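>>> fold the stuff below for me.
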Amino acid sequence: MTDAIRDVAASRPSGVRVLVTGAYGLIGHQTVLALRAAGFDAAPTDILSERPADAEFDASPLAIAGIEPLQAYLEAHRIQAIVHAAGISGPMLAKDRPHAVLSTNVGGALDLYEAARLASVRRIVLISSAAAYGDTGEAPVDERTPLAAADAYGVSKISSELIARAYARHGVDSVVLRPSWVYGPRRRTACVIRTMIADALRRQPTRLPYGVGFPRQFVHVEDVAEAIVAALTTPKGTQSAFNVSDGRRFPLDDVAGLICARLPEARIEMAGGPDPDDVLCGPLDISAASAVLGWRPRIGLSTGIDRMISDMSREH
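Purely as a prediction, here's the structure:
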């Protein structure tokens, strides 16, 4: 462990200035709040130049593209660590534009890592995805499971992890987190939980052409943010990638049942079969995150759904 990383890890964490990319997004926004609550000096940035109405802070406009502007920002703001949460954030986005997905996610990671190297930033928490494993079937999945995704989004995450591995040889230390399906307040991209709740609150039916028996692993965004805080302060040791999930798989029809039990007005119909925007991933082993990072999920799916219903009810 380098002296710079030891300083970040040992500071715990007052005064450590952390750049957060994609700070107006689901994970980025919650990460800024968690970092500030933990005593970090968070520097939020986002490609959006205007603050969304539901954001709790202002973020500096910053595109994750181009080495020179990124290096200039890192040096001007005396950044000591980075949480990289920007980019195309799921397999359902731009799925017919593979070049856009790869150039945004892989190109952005490459430029950011080179800028970090030049600016002497020594710790990056890279938000990858369990989607990098691809279709594993029912076999349990730990961090030694090969990364075998075949779609553009999953491949972009694999490529970004390989960039992180390469830059470890050039003084930029990384902790990679592989979250499962992230849900929670402020999620704007497709999410079955949000769709089911929103439809119920509007007294509209939900009809899905897939889902019965199809298992999905969820993790609440607050738990992801806490894993990120833990990743910033760990000395890392010999393991650099960690699964982040709530530790259970739920068939989507069981998810529908949890929502119907809370919202009797919900009318949810779904056919059998997998989600076309997802893969069948075996049960994620989260023991390494517990052992090395000291992290465990706190918010189970039932509690998370309760919170989303409460939050979304205020919106309607």
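>>> how about the helices in the protein?
For the chain, the helices defined by DSSP state H occupy 3-11, 26-38, 67-76, 98-118, 152-168, 192-201, 221-233, 252-262, 287-288, 301-315.
>>> pick the most buried one from these.
helix 221-233 (a mean of 24; mean count of other CB atoms under 10 Å). For the C-beta atoms, the positions are set from N, CA and C on the backbone; glycine is no exception.
>>> show me what that helix is packed up against.
helix 3-11, helix 26-38, strand 81-84, strand 123-127, strand 173-179, strand 181-183, strand 241-244 (3 or more CB pairs under 8 Å, 6 or more residues apart in numbering; DSSP states H and E).
>>> burial check on the closest residue to Asp275 other than its chain neighbours, number of neighbours?
Ranked by CB to CB, 6 or more residues apart in numbering and with sequence neighbours excluded, the top spatial neighbour of Asp275 is Tyr210, at 5.2 Å. Number of residues near Tyr210 (other CB atoms under 10 Å) recorded here: 17.
>>> how close does Tyr210 get to Arg216?
Distance of Tyr210 to Arg216, given as CB to CB, to the nearest Å: 11 Å.
>>> likewise Ala198?
For Ala198, the distance to Arg216 - CB to CB - is 18 Å.
>>> just checking, Ala38 touches Val229?
Yes: at 5.1 Å, Ala38 counts as touching Val229 under the criterion of CB atoms under 8 Å.
>>> ok, and the closest non-adjacent residue to Ser156?
Closest to Ser156 by CB to CB, 6+ apart is Asn105, at 3.7 Å.
>>> closest to Arg144 out of the helices and strands packed on helix 221-233?
strand 241-244 (9.5 Å; CB to CB).
>>> show me the contacts for His30.
Just so we're on the same page, residue 30 is Gln rather than His. 184, 186, 221-222, 224-225 (CB atoms under 8 Å, 6 or more residues apart in numbering).
>>> where does pLDDT dip in the chain?
Counting by pLDDT under 70, the chain shows low-confidence ranges at 1-14, 236-238, 316.
>>> the domain parsing of it - what is it?
Domain assignment for the chain, taken from automatic domain parsing, gives 3-184+219-245+282-298, 192-216+248-280+307-315.
>>> how many neighbours does the residue nearest to Ala231 when sequence neighbours are not counted have?
Closest residue to Ala231 apart from its sequence neighbours, by CB to CB, 6+ apart: Val175 at 4.0 Å. Using other CB under 10 Å, Val175 has 24 neighbouring residues.
>>> ok, Val175 touching Ile127?
No: if you go by CB under 8 Å, Val175 and Ile127 don't touch, sitting 10.2 Å apart.
>>> so what sits opposite the closest residue to Leu62 other than its chain neighbours in the bridge?
Nearest non-adjacent residue to Leu62, counting by CB to CB, 6+ apart: Thr45, 3.8 Å away. Assessed by DSSP bridges, Thr45 has beta-bridge partners Ser60.
>>> when you give positions from now on, start the count at 51
In the new numbering, first residue 51, that becomes Thr95.
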